[in-house]
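S.K.: Output the structure for:
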Amino acid sequence: MFKRAYDILYEFRSYAVAGACIAVSFLLLATNDSRQIQSIRSLAVGSVGTLQDAASFLPEYFGLKRENELLRAMNLRLSDEVSRLREARLENIRLRQMLELKHRPSPRFITANVIGKNLQLLRNTITIDAGEADGVAPQMPVVTEAGLAGKVVSTAPGYAIAQLLLNRDVRVSAKIQRNRVDGIVRWEGGRTLGLYNVAKTLDVQPGDVVITSEYSGIFPAGIRIGIVESTRNVPGSLFQSVAVVPSVDFQRLEQVAVIATPGDSSRAALESTIPTR
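M.R.: Numbers count the residues shown, from 1 in each chain. Predicted coordinates for the structure are as follows:
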């Protein structure tokens, strides 16, 4: 075995000697601190850096090309979705006109900052810097870009207090967006809301989106409330227990919008005449 290795080394002796000389020269360059060697070393490092900078665009080019393709595909999907939504809206308008259904006016939003927050009680509230002078009135819904936050309960000329969904006194008529199963959303403490009055026989699944329904005289229909986290059958009850995670992060609530659509007083007066017992 050693003889074979010797024969191979002897056959390529010129390459071995050249490699050894190169290795010795690099070693001498690395250990020599003379001014000439330092200049050569700096020149070599600069040349290598220049080559690396010149060649670095290659992976960036292919990465940017791939990212551009992904963004183009995403843009096409979003454009298609916008087109479909526009067509659905126009179709909805045409159907409403054919059926002579009432058109719901677009709401007016009053933006405000949260300047006070109380999240330590069972009746949690926030204070906002918009009030009667801005058109805010009690019973107006309070929303964010994530969904429903609560409702206004008290106003002053420049301020208002709103009850959050995390408040034992707030009740919201709601429904499952997927199959229109309706119920009542309320908070009984803890980190989740509850969707109540949902029969055991109805199909409610984790991941379902919960939105406001048409049965409320305060909250407009279609506002996102949260996502169903879990369902559970309650022994001895006709209803199931549905836990809903709110869409709004109340701990980080900083800006809100008040929906300035006054409630229908005639509807409220009519519904109040119906006996509840």
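
S.K.: Check the gap between the residue nearest the centre of the chain and Val258 for me.
M.R.: For the chain, the residue nearest the mean C-alpha position is Ala146 (7.2 Å; CA atoms, centre = their mean). For Ala146, the distance to Val258 equals 16 Å [CB to CB, to the nearest Å]. Where you see a C-beta, it was placed from the backbone N, CA and C, and this is true even at glycine.

S.K.: distance between the longest helix belonging to the chain and the chain's centre?
M.R.: Using DSSP state H, we find that the single longest helix of the chain is helix 57-99. Its chain's C-alpha centre and that of helix 57-99 lie 19 Å apart, by CA atoms, centre = their mean, to the nearest Å.

S.K.: looking only at pLDDT, what's the mean for the following helix or strand past it?
M.R.: Beyond helix 57-99 on the C-terminal side, the first helix or strand identified by DSSP states H and E is strand 109-118. Average pLDDT, strand 109-118: 93.

S.K.: Please identify the pairing partners of strand 109-118 and their relative orientation?
M.R.: Strand 109-118 sits in its sheet next to strand 123-128 (antiparallel), strand 255-259 (antiparallel), going by DSSP bridges.

S.K.: residues near Ile22, how many?
M.R.: Applying other CB atoms under 10 Å, we find 10 residues neighbouring Ile22.

S.K.: that's a helix at it, yeah?
M.R.: Yes. Counting by DSSP: H, G, I helix; E, B strand; the rest coil, Ile22 is located in a helix.

S.K.: From what I see, Glu229 and Thr192 are in contact.
M.R.: Yes. Between Glu229 and Thr192 there is a contact under CB atoms under 8 Å: 6.0 Å.

S.K.: Now do the shared contacts for these two.
M.R.: Residues touching both Glu229 and Thr192 by CB atoms under 8 Å, 6 or more residues apart in numbering: Ala243, Val244, Val245.

S.K.: Out of those, which is nearest to Leu119?
M.R.: Val245 (16.3 Å; CB to CB).

S.K.: Please give the element, helix or strand, for that closest one.
M.R.: For Val245, the host element (DSSP H and E) is strand 240-246.

S.K.: buried residues in that strand?
M.R.: Gln240, Val242, Ala243, Val244, Pro246 (16 or more other CB atoms under 10 Å).

S.K.: Which strand residues bridge the fourth one?
M.R.: So that's Val244. Leu193, Val228.

S.K.: and it, what is it in contact with?
M.R.: Val185, Thr192, Leu193, Gly194, Leu195, Val210, Ile225, Gly226, Ile227, Val228, Glu229.

S.K.: Was I right to think the first one contacts Leu193?
M.R.: This means Val185. Yes. In this structure, Val185 is within contact of Leu193 by CB under 8 Å, at 5.3 Å.

S.K.: Now the common contact residues for these two.
M.R.: Listed as contacting both Val185 and Leu193 by CB under 8 Å, 6+ apart are Leu165, Ile225, Val244.

S.K.: And the first one, which helix or strand is it part of?
M.R.: Yep, that's Leu165 we're talking about. Leu165 is located in strand 160-167, with elements delineated by DSSP H and E.

S.K.: how far does that strand sit from the chain's center?
M.R.: Relative to its chain's centre, strand 160-167 lies at 22 Å (CA atoms, centre = their mean).

S.K.: Repeat that for stretch 175-195.
M.R.: Stretch 175-195 has its C-alpha centroid displaced from the chain centroid by 19 Å (CA atoms, centre = their mean).

S.K.: Any stretches of the stretch 1-150 of the chain with poor pLDDT?
M.R.: For the stretch 1-150 of the chain, residues meeting the criterion pLDDT under 70 lie at 1-3, 5-6, 8-10, 12, 24-42, 44-46, 48-63, 100-105.
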